[in-house]
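[1] Fold the following, please.
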Amino acid sequence: MKTINDSILQDSDAIYATQLDGHGGAIEITPKTVVSNETPYWIHLDYRKPQSAQWIQDTELLPPIAKDVLLAENVRPKAQRIGEGVVINLQTINNNPNDRPDELVAFRIYINSQTIISSRHRRVNSVDSVIHTLELGNGPESSGDWLITMADAVTDEIGEFVETLHDQLIELEDMILDQQIPARGELALLRKQLIVLRRYMAPQRDVFSRLSIEKLPWMSDSDRVTMLEISERLSRRLEDLDSSISRTAVIADEITSMMADAMNRRTYTMSLMAMLFLPTTFLTGLFGVNLGGIPGNEFPYGFTIFCLSLFVLIVIVTWWLKRSRWL
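    Numbers count the residues shown, from 1 in each chain. Got it, this is the predicted structure:
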């Protein structure tokens, strides 16, 4: 037995520190808490906090490689085994206020049979959901169970966002069917979110796949099978993303076609209007020259007869265009 205050959490400024009780619950770690070697403890940190960053640098609980990863700014999803432990980078949806969901949030994990240390800067809903399950007493019971629970929460969060994007895509397709053009930039934003999510979730699927075959002593065979199922579930989401990206390309082509058709209709209409008034324009131009001898210039009803003649001419041209199926 040893006290947390003396050897582990001193000056860490942890966001969350608890020890799993082995029955789905957790015991909050305080300076008076006594650590048991029977169940793992979890320390969750904000690596941007100076105290937490210094604690990560100084603690003996982490190997040097894990320290570098837990303090890294920009990371892509990956997993790296270090002895009996493993350091993992994961990314998930950004559900923080005033942030776009596609600005993914990253968090880092070092985990072995006894220690779980995670770090992040922006809030991660998946981590909060795991904490909530522990508070309810139906959370993970071991390190392997914790990793499975976290991977499952991340994948569920990604899946919900993919469904949201899919609904937006269907709305755009319905607008196209109704011959409505979406607002400027709406399709571009949707396509960007799909591509960004596809870019980062593909390596994350590989992380889960690797963890499912890694012979870590604190992961049971059932944990590995569950991790493989999570990896396959994420693979199906990636397939949905691929199909959605293809559908956005089709929508973009349809929008281009609709805009071209609209422009062609306007050009066609203007051409017909010009054709309708071409004979009348010629006559008015001819009779408008400032030369003597214009027919009817002294006749009192000459202007009226001329206007009626122009009207009859327009009617004749319109009839001819309809007969020729131009109108």
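
[2] how far is the longest helix along the chain from where the chain is centred?
    Longest helix in the chain by number of residues, with DSSP state H as the criterion: helix 221-287. In terms of Cα atoms, centre = their mean, to the nearest Å, the centre of helix 221-287 is found 21 Å from the chain centre.

[3] next structured bit after it?
    Going down the chain from helix 221-287, the next helix or strand is helix 302-323, by DSSP states H and E.

[4] pLDDT at residue 289, what is it?
    Note for residue 289: predicted pLDDT of 61.

[5] packing partners for the longest helix of the chain?
    Contacts defined by 3 or more Cβ pairs under 8 Å, 6 or more residues apart in numbering; DSSP states H and E place helix 221-287 against helix 143-177, helix 186-213, helix 302-323. (Each C-beta comes from the backbone N, C-alpha and C, glycine too.)

[6] Same list, these, but as CSV with mean pLDDT, mean neighbour count and distance to residue 123 please.
    Below are those laid out as CSV (pLDDT from 0 to 100; neighbours: other Cβ atoms under 10 Å; distance: least, Cβ to Cβ, whole Å):
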stretch, mean pLDDT, mean neighbour count, distance to residue 123
helix 143-177, 92, 18, 12
helix 186-213, 92, 18, 18
helix 302-323, 78, 12, 67
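
[7] Quick check: the gap between residue 152 and residue 234.
    Residue 152 sits 10 Å away from residue 234, going by Cβ to Cβ, to the nearest Å.

[8] next one: residue 101
    17 Å.

[9] cool, residue 167 as well?
    20 Å.

[10] Equivalent analysis for residue 20, please.
    25 Å.

[11] swap in residue 13?
    Counting by Cβ to Cβ, the gap from residue 13 to residue 234 is 33 Å.

[12] cool, residue 160 as well?
    Counting by Cβ to Cβ, the gap from residue 160 to residue 234 is 13 Å.

[13] same question, residue 56
    Relative to residue 234, and taking Cβ to Cβ, residue 56 is found at 29 Å.

[14] Next: residue 104.
    Distance, residue 104 to residue 234, by Cβ to Cβ: 14 Å.

[15] Need the nearest residue in space to residue 210, chain neighbours excluded.
    Leaving aside its chain neighbours, residue 210 sits nearest to residue 79 (5.4 Å; criterion: Cβ to Cβ, 6 or more residues apart in numbering).

[16] Any idea what that neighbour is bridged to?
    residue 88 (DSSP bridges).

[17] Would you mind confirming that it makes contact with residue 90?
    No: with contact defined as Cβ atoms under 8 Å, residue 79 does not count as touching residue 90 (9.1 Å).

[18] what touches both of these two?
    Shared contacts of residue 79 and residue 90 (Cβ atoms under 8 Å, 6 or more residues apart in numbering): residue 207.

[19] Identify the residues contacting residue 110.
    Contacts of residue 110 (Cβ under 8 Å, 6+ apart): 62-63, 66, 69-70, 82, 85-88, 116-118.

[20] Which of the residues you listed fall in helices?
    Among the contacts of residue 110, the members falling in helices (DSSP H) are 66, 69-70.

[21] ok so, going back, give me the more crowded residue out of residue 101 and residue 234.
    residue 234 (24 against 18; other Cβ atoms under 10 Å).

[22] Please identify the nearest residue in space to that one, excluding sequence neighbours.
    Spatial nearest neighbour of residue 234, chain neighbours left out: residue 205 (4.4 Å); criterion: Cβ to Cβ, 6+ apart.

[23] pretty sure that neighbour contacts residue 238?
    Yes: using Cβ under 8 Å, residue 205 is in contact with residue 238, at 6.3 Å.

[24] what about residue 86, neighbour count?
    Using other Cβ under 10 Å, residue 86 has 23 other residues around it.

[25] do you know how far it is from residue 203?
    Per Cβ to Cβ, residue 86 is found 15 Å from residue 203.

[26] How far does stretch 159-169 sit from its chain's centre?
    Relative to its chain's centre, stretch 159-169 lies at 9 Å (Cα atoms, centre = their mean).

[27] So which residues make contact with that stretch?
    Here stretch 159-169 makes contact (Cβ under 8 Å, 6+ apart) with 93, 101, 190, 193-194, 197, 233, 237, 240-241, 244, 247-248, 251.

[28] right, and the pair among the residues you listed with maximum separation?
    233 and 251 (26.9 Å; Cβ to Cβ).

[29] quick check: mean pLDDT across stretch 132-139?
    Per-residue scores along stretch 132-139 average to 89.

[30] if we can go back for a sec, of all the helices and strands packed on helix 221-287, which one comes closest to residue 285?
    When the helices and strands packed on helix 221-287 are compared (using Cβ to Cβ), the closest one is helix 302-323, at 12.0 Å.

[31] could you give the angle of that closest one to helix 221-287?
    140 degrees (axes from the mean of the first three to the mean of the last three Cα atoms, to 10 degrees).

[32] mind exporting helix 302-323 as CSV, just the C-alpha atoms?
    Presented in CSV, the C-alpha positions along helix 302-323 are these (Å, rounded to 0.1, in the frame of the first residue of the first chain):
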residue,chain,number,x,y,z
GLY,A,302,-50.0,57.9,-89.9
PHE,A,303,-48.4,57.3,-86.5
THR,A,304,-51.4,55.2,-85.2
ILE,A,305,-51.4,53.1,-88.4
PHE,A,306,-47.7,52.6,-88.0
CYS,A,307,-48.0,51.4,-84.4
LEU,A,308,-50.8,49.0,-85.3
SER,A,309,-48.7,47.6,-88.1
LEU,A,310,-45.8,47.0,-85.7
PHE,A,311,-48.2,45.2,-83.4
VAL,A,312,-49.5,43.0,-86.2
LEU,A,313,-45.9,42.3,-87.2
ILE,A,314,-45.1,41.1,-83.6
VAL,A,315,-48.1,38.8,-83.6
ILE,A,316,-47.1,37.3,-86.9
VAL,A,317,-43.5,36.7,-85.7
THR,A,318,-44.8,35.1,-82.5
TRP,A,319,-47.2,32.8,-84.5
TRP,A,320,-44.2,31.8,-86.7
LEU,A,321,-42.0,31.0,-83.7
LYS,A,322,-44.7,28.9,-82.1
ARG,A,323,-45.3,27.0,-85.3
